[in-house]
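[1] curious how this folds, go ahead:
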Amino acid sequence: MTFRFKTFRVYQSAKEYCKVCRDTIKNHIEKQDRPLSDQIARSLNSIVLNIAEGSADASDTEFARFLSISIRSVYESVAGFDLAVVYGYISEDLRKCIEEKAETLVKELSSFRNRLRNKRTG
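    Alright, predicted model coming up:
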């Protein structure tokens with residue numbers, strides 16, 4: 001059996017984003033605010049796991065829906081890091097770096113989702 005999600009570039013990008021963000025949580029947030037670090041971590045896991053889950057369905061429409069959930073989870077992680085700045089856990093520069101990576105990932109996810117949507121309508 002082959003897990004097709006492992007071949008998608010966006011899956012690899014999502015894992016990389018999650019790794020950077022998890023390192024930030026571990027080094028800057030976790031000891032100071034466990035609930036916030038847990039919430040951000042859940043949103044990060046959701047990004048990757050929804051790509052995998054959506055790929056299991058034969059329907060491009062359903063897969064596109066799961067990619068939309070992944071996108072929303074990226075937004076949630078960005079908001080979590082915004083709170084971390086407000087609470088004084090991370091610097092504005094670190095937040096900007098994370099946000100740039102998030103924007104790139106959202107563009108990749110959106111492009112992939114749009115290709116799936118266009119495939120079914122085109």
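[2] tell me where the protein has helices.
    Along the chain, counting by DSSP state H, helices occupy 9-24, 34-55, 60-86, 92-121.
[3] check which helices and strands the first one sits against.
    What that stands for is helix 9-24. Helices and strands touching helix 9-24, by 3 or more Cβ pairs under 8 Å, 6 or more residues apart in numbering; DSSP states H and E, are helix 34-55, helix 60-86, helix 92-121. Every residue, glycine included, has its C-beta placed from N, CA and C.
[4] out of the helices of the chain, which gets nearest to residue 1?
    helix 34-55 (12.7 Å; Cβ to Cβ).
[5] touching, residue 40 and residue 30? I think so.
    No - look at residue 40 against residue 30 with Cβ atoms under 8 Å: they stay out of range, at 9.6 Å.
[6] so which other helices or strands are in contact with the helix or strand bottoming out on mean pLDDT in the chain?
    Lowest on mean pLDDT, DSSP states H and E among the helices and strands of the chain sits helix 92-121, with a mean of 94. Helices and strands touching helix 92-121, by 3+ Cβ pairs under 8 Å, 6+ apart, are helix 9-24, helix 60-86.
[7] try it again at 10 Å.
    helix 9-24, helix 34-55, helix 60-86 (3 or more Cβ pairs under 10 Å, 6 or more residues apart in numbering; DSSP states H and E).
[8] isn't residue 112 right up against residue 11?
    Yes - the pair residue 112 / residue 11 is scored as a contact, 9.5 Å apart, by Cβ atoms under 10 Å.
[9] mutual contacts of the two, please.
    Counting by Cβ atoms under 10 Å, 6 or more residues apart in numbering, the common neighbours of residue 112 and residue 11 are 51, 70.
[10] so where's the chain uncertain?
    120-122 (pLDDT under 70).
[11] got the CA coordinates for stretch 37-48 in PDB?
    What follows is stretch 37-48, C-alpha atoms only, in PDB (Å, rounded to 0.1, in the frame of the first residue of the first chain):
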ATOM      1  CA  SER A  37       1.300  26.000  23.600                       C
ATOM      2  CA  ASP A  38      -1.000  23.000  23.500                       C
ATOM      3  CA  GLN A  39      -3.600  24.900  21.400                       C
ATOM      4  CA  ILE A  40      -1.000  26.000  18.900                       C
ATOM      5  CA  ALA A  41       0.400  22.400  18.800                       C
ATOM      6  CA  ARG A  42      -3.000  21.000  18.000                       C
ATOM      7  CA  SER A  43      -3.500  23.500  15.200                       C
ATOM      8  CA  LEU A  44      -0.100  22.500  13.800                       C
ATOM      9  CA  ASN A  45      -0.900  18.800  13.900                       C
ATOM     10  CA  SER A  46      -4.200  19.500  12.200                       C
ATOM     11  CA  ILE A  47      -2.400  21.000   9.200                       C
ATOM     12  CA  VAL A  48      -0.500  17.800   8.400                       C
END
